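S.K.: Need the 3D shape of this:
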Amino acid sequence: MAQEEGRYRLRDLKRAHGREAKHYVNCPLDYDTKMRLQKAAFDNDIKMTVIIKAAIDQFLRDNGY
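M.R.: Coordinates of the predicted model:
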């Protein structure tokens, strides 16, 4: 019974994580910005999406959203 409950919890956790990751935003970047983003991601060994998400979050927080 406990093992089955654990499986359900794991399944629900995976579904919740999947829902968080399904909201995509597509925006065009000019060449220079894209190159700077790639260089920053490479230099800091993180994904470009992490940088973009942090920048958007910071902008929204700074503007009261």
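S.K.: so where is the protein shaky, pLDDT-wise?
M.R.: 1-2, 18-22 (pLDDT under 70).
S.K.: As a check, name the ranges of all strands in it.
M.R.: With strands called from DSSP state E, the chain shows none.
S.K.: longest single helix anywhere in it?
M.R.: Ranked by residue count and defined by DSSP state H, the top helix of the chain is helix 2-20.
S.K.: Buried residues in that helix, which are they?
M.R.: Buried positions in helix 2-20, judged by neighbour count with 16 or more other Cβ atoms under 10 Å: none. For every residue, glycine as well, the C-beta is placed using N, CA and C.
S.K.: tell me what that helix is packed against?
M.R.: The contact analysis (3 or more Cβ pairs under 8 Å, 6 or more residues apart in numbering; DSSP states H and E) places helix 2-20 against no helix or strand.
S.K.: Mind listing what's buried along stretch 43-57?
M.R.: Along stretch 43-57, these residues count as buried under the neighbour rule (16+ other Cβ under 10 Å): Ile51.
S.K.: Cheers, nothing more for now.
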